[in-house]
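Q: Coordinates for the following, if possible.
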Amino acid sequence: MKRIFLRKRNLLFLLLAVFILWFLSGLNGTNSALAVNQNIYKNLKLFNEALNLIEKNYVEEIDPKTVIGGAIKGMTMTLDPHSAYMAADIYKEMQVDTKGVFGGLGIVITIQDHILTVVSPIEDTPAYLAGIKAQDRIIAIEGKSTKGFTILDAVHKLRGPKGTKVTITIMRKGLAKPKDFTITRNTIKIKSVKYNIVEDHIGYIRITQFQESTADEVKKALKEINTKENSLNGLILDLRNNPGGLMNQAVKVSDIFLKTGTIVSTKGRIKTAAHTYSAHNNGDEPTCPIITMINMGSASASEIVAGALRDNGRAILLGTRTFGKGSVQVVIPLNDGSALKLTTAKYYTPSGHSIQAKGIDPDIFVERVKQNNNSKLNQFTISEKDLKRHLKEEKVKTKEEKKLPLVEDDNQLKRAIDLLKSWNMFKQMKNG
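A: Numbers count the residues shown, from 1 in each chain. As a prediction, this is how the structure comes out:
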């Protein structure tokens, strides 16, 4: 009876593996699918052989779901760093990201040199207040090594209900030995859009992350600060340290400022991955000059907006080079509640350039410096090209929210304001 059960389970494993590999091979397109499938069937024999050896000889009885999940996870780990397998609980956790509200510490993380690394703490969150800094290396969570962790594994461990505690072990440059930080989780509510009038009828809109309501919030911000009675002389769109988010929101935000033209296009190995997104004339686009602020923390969706506004001649980019994440991921739910997060395409700016592992250079290069001693701030030094297995750079042929950065403490913002003031002065001189 046990032997029959084992045979049935082996058959189940084999059929599931065939389905997974067939699904992935289908991304090649119909012309090459046959050749790919032949190679897959050859290797399936090896897969089944290894599975049988594990099942018969491993010291303890294996859990089929765990083994198959591990196999899929292993497959995605041979791809780029943004593709991943998400078990059901992790997939459910990931879905709260687009809402902007979750229980956790408030840090943006990545994997650098196989080590879980802090990109930046989010302002006024438990991690920020506890003293976690950019480039801190998280070598353990609750005493367990993070070696081999994916970003999703780490997110799952770090998040939790408000009021609960988690201990993370940090290794930091300058520390003689690792240091433990015990941090109490809180409700992290990331406000997507902040706005205000800075001075001389110059508007300021900061987008911290692209969430489900970002485009609507930007529209609301513009209505608040750009009225008939007080029309804007200029606008600063701040995308610094914005890690990205929903691509459709990046397209919608770009469309707010553009009457015509291409916003972004995507290309992959299959035809369905190819799309071109264009702007629409809604009749209410702002007409004032725009400066978009970017830096190495501006990634993905932020780069779509920056590229769209610059290439269509609608904004000048000020700051430093962006992160360089020019790939598109789709999340494909699986039958058991888990999901595949898979890179299916690269996106291209309106001028046809891919920014993958290269980033977007500003029109006006201005580094952020400390105002007290004029030294450069090393806030964000990790880029897409530093990540293992990143997709290679393509060789190109020739008032609701008052908590905003203080101008005197932000030389990049001050430079943007001065440029817009000069712009308006020259315009007045020309009209005079």
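
Q: wait, Ala279 sits on Lys252?
A: No - between Ala279 and Lys252 there is no contact under C-beta atoms under 8 Å: 10.3 Å. In this view, the C-beta of every residue, glycine as well, is placed from N, C-alpha and C.

Q: Quick check: mean pLDDT of stretch 410-421?
A: For stretch 410-421, mean pLDDT rounds to 93.

Q: tell me which element Ile72 falls in.
A: Element membership for Ile72, per DSSP states H and E: helix 64-76.

Q: Can you give me the buried ones in that helix?
A: 68-69, 71-73, 75-76 (16 or more other C-beta atoms under 10 Å).

Q: tell me what the next helix or strand along the chain from that helix is packed against?
A: Using DSSP H and E, the helix or strand that follows helix 64-76 towards the C-terminus is strand 84-86. Packing contacts for strand 84-86, counted by 3 or more C-beta pairs under 8 Å, 6 or more residues apart in numbering; DSSP states H and E, involve helix 64-76, helix 151-158, strand 339-348.

Q: Quick check: neighbours of strand 84-86 in the sheet, parallel or antiparallel?
A: Here strand 84-86 has these sheet partners by DSSP bridges: strand 339-348 (antiparallel).

Q: can you list the domains in this structure?
A: 2-62, 101-189, 193-431 (automatic domain parsing).

Q: could you show me where the helices are in the protein, in order?
A: In the chain, the segments counted as helices under DSSP state H are 2-25, 30-57, 64-76, 88-94, 126-130, 151-158, 214-225, 247-257, 301-311, 411-431.

Q: circling back: may I see the helices and strands packed on strand 84-86 arranged in JSON lines, with distance to Ile263 and mean pLDDT as well?
A: As requested, the helices and strands packed on strand 84-86 are exported to JSON lines (distance: least, C-beta to C-beta, whole Å; pLDDT from 0 to 100):
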{"stretch": "helix 64-76", "distance to Ile263": "29", "mean pLDDT": "88"}
{"stretch": "helix 151-158", "distance to Ile263": "28", "mean pLDDT": "89"}
{"stretch": "strand 339-348", "distance to Ile263": "10", "mean pLDDT": "95"}
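
Q: Would you tell me which of those gets closest to Asp89?
A: When the helices and strands packed on strand 84-86 are compared by C-beta to C-beta, helix 151-158 sits nearest Asp89, at 6.9 Å.

Q: What residues sit buried inside the closest one?
A: 152-158.

Q: so how far is it off the chain centroid?
A: Distance of helix 151-158 from the chain centroid (C-alpha atoms, centre = their mean, to the nearest Å) equals 15 Å.

Q: just stretch 332-342 next, same as before
A: 19 Å.

Q: swap in stretch 358-372?
A: The answer for stretch 358-372 is 20 Å, by C-alpha atoms, centre = their mean.

Q: so where is this structure shaky, pLDDT-wise?
A: Applying pLDDT under 70 to the chain picks out residues 1-37, 96-100, 370-389, 394-406, 426, 428-432.

Q: Met171 against Ala140, yeah?
A: No - counting by C-beta under 8 Å, Met171 stays clear of Ala140, with 9.4 Å between them.

Q: what touches both of these two?
A: By C-beta atoms under 8 Å, 6 or more residues apart in numbering, Met171 and Ala140 have these common neighbours: Pro178.

Q: Pull the contacting residues for Asn233.
A: Contacts of Asn233 (C-beta under 8 Å, 6+ apart): 200-202, 288, 420-421, 424.

Q: rerun at 6 Å
A: When contacts are counted by C-beta atoms under 6 Å, 6 or more residues apart in numbering, Asn233 touches 201-202, 424.

Q: List of residues touching stretch 200-208?
A: 192-198, 221, 225, 232-239, 242, 417, 420-421.

Q: State the distance from Thr262 to Ile188.
A: 35 Å (C-beta to C-beta, to the nearest Å).

Q: which parts of stretch 204-214 are buried?
A: 204-211, 213-214.

Q: which of those lies closest to Ile270?
A: Taking C-beta to C-beta as the measure, Ile270 lies nearest Phe210 of these, at 25.1 Å.

Q: That closest one pairs with what?
A: Bridge pairing for Phe210 (DSSP bridges) gives the partners Gly245.

Q: tell me what the helix holding Ile72 is packed against?
A: strand 84-86 (3 or more C-beta pairs under 6 Å, 6 or more residues apart in numbering; DSSP states H and E).

Q: make it 8 Å
A: Using 3+ C-beta pairs under 8 Å, 6+ apart: helix 64-76 touches helix 2-25, helix 30-57, strand 84-86, strand 339-348.

Q: which of the contacts of Asn233 tops the neighbour count?
A: In terms of neighbour count, Ile202 stands highest of the contacts of Asn233 at 24 neighbours, by other C-beta atoms under 10 Å.

Q: where's the nearest residue to Tyr348 once chain neighbours are set aside relative to Ala345, distance?
A: Leaving aside its chain neighbours, Tyr348 sits nearest to Ser265 (4.9 Å; criterion: C-beta to C-beta, 6 or more residues apart in numbering). Computed with C-beta to C-beta, the distance linking Ser265 and Ala345 is 9 Å.
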